[in-house]
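>>> for reference, the sequence and a predicted model appear below.
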Amino acid sequence: MSKRIATIVGSLRRESNSRRIAAHLPALAPAGTEFHELAIGELPLYNGDLEELPAWKQLRDGVRAADGIVFITPEYNRSIPAGIKNAIDIASKPNGMNLWPGKPALVMAQSSGPLGGLAGSFALKQALAGAGALTMPHPEVYLSRVATLFDAEGKLVPDTQEFLRGVLAKFDDWVERNSPRRQP
Ligand SMILES: Cc1cc2nc3c(=O)[nH]c(=O)nc-3n(C[C@H](O)[C@H](O)[C@H](O)COP(=O)(O)O)c2cc1C
């Protein structure tokens, strides 16, 4: 049975490195993996008075339907971009309808600096743990000096492709073992 993996890209800008990495994932993942992006850029901020917004329903439907979720994100001010946190909050509500418990998740962090988005990754993992998601602990993904990881055509360099191929193979196992949607 094929796996439905949803991606959430933390950066909203057109030339985003996160988005360029996300675009490589289908070719690097095990056969039978389908990727669908859950767009977060136009989501209104979570507000408990507004439970029925169509944009929120769309996000919640996408999270519900996914066997696993891959986050590809930059670090912003030693944390995560606000749009990602907003998406996590929206899919955790209304009360009693939190979609995160037991949901397999993978965090890929990147930054222009030397630390590869370590602090942002930890902040994201903290929020996901609070919501109840099952984030794969290892291997961890910190892509530092991200601009150096692309060649002149915008393709990820071979070493990084191989690294991500291995990560996605491990995540495939993680989803297989943990996704409630895949249990008999
Ligand atoms: C608002 C903002 C805050 C940032 N804060 C950090 C930071 O705390 N640590 C870091 O390593 N890089 C930081 N950066 C740099 C980004 O992580 C880096 O440019 C990243 O590659 C941008 O991702 P993108 O290409 O997907 O937009 C920040 C960038 C922005 C726009």
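Great, that's in hand. All figures in this text were calculated on a predicted structure; none of them were measured in a lab.
>>> hey, what's the residue nearest the centre of the chain bridged with?
By Cα atoms, centre = their mean, the mean C-alpha position of the chain lies nearest to Phe71, the distance being 1.3 Å. Beta-bridge partners of Phe71, counted by DSSP bridges, are Ile8, Val107.
>>> list the contacts of stretch 108-126.
If you take Cβ atoms under 8 Å, 6 or more residues apart in numbering as the criterion, stretch 108-126 is touched by 17-18, 21, 70-76, 78-80, 84, 107, 135, 140-147, 164, 167. Where you see a C-beta, it was placed from the backbone N, CA and C, and this is true even at glycine.
>>> stretch 155-173: how far from the chain's middle?
15 Å (Cα atoms, centre = their mean, to the nearest Å).
>>> are it and the ligand in contact anywhere?
No. Stretch 155-173 does not reach the ligand (Cβ under 6 Å from any ligand atom); its nearest approach is 13.5 Å.
>>> what comes up buried for that stretch?
Of the residues in stretch 155-173, 156, 160, 163-164, 167-168, 171-172 count as buried by neighbour count, 16 or more other Cβ atoms under 10 Å.
>>> ok, stretch 134-150 next?
134-136, 140-144, 146, 149-150.
>>> same deal with stretch 75-85?
75-76, 79-81, 83-85.
>>> also stretch 98-111?
By neighbour count on 16+ other Cβ under 10 Å, the buried set for stretch 98-111 is 99-100, 103-111.
>>> can those go into TSV with extra columns for pLDDT, secondary structure and distance to the ligand?
Formatted as TSV, the buried residues of stretch 98-111 follow (pLDDT from 0 to 100; DSSP: H, G, I helix; E, B strand; the rest coil; distance: Cβ to the nearest ligand atom, whole Å):
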residue	pLDDT	secondary structure	distance to the ligand
Leu99	98	coil	25
Trp100	98	coil	23
Lys103	97	coil	23
Pro104	98	strand	23
Ala105	98	strand	19
Leu106	98	strand	17
Val107	98	strand	14
Met108	98	strand	11
Ala109	98	strand	9
Gln110	98	strand	6
Ser111	98	coil	3
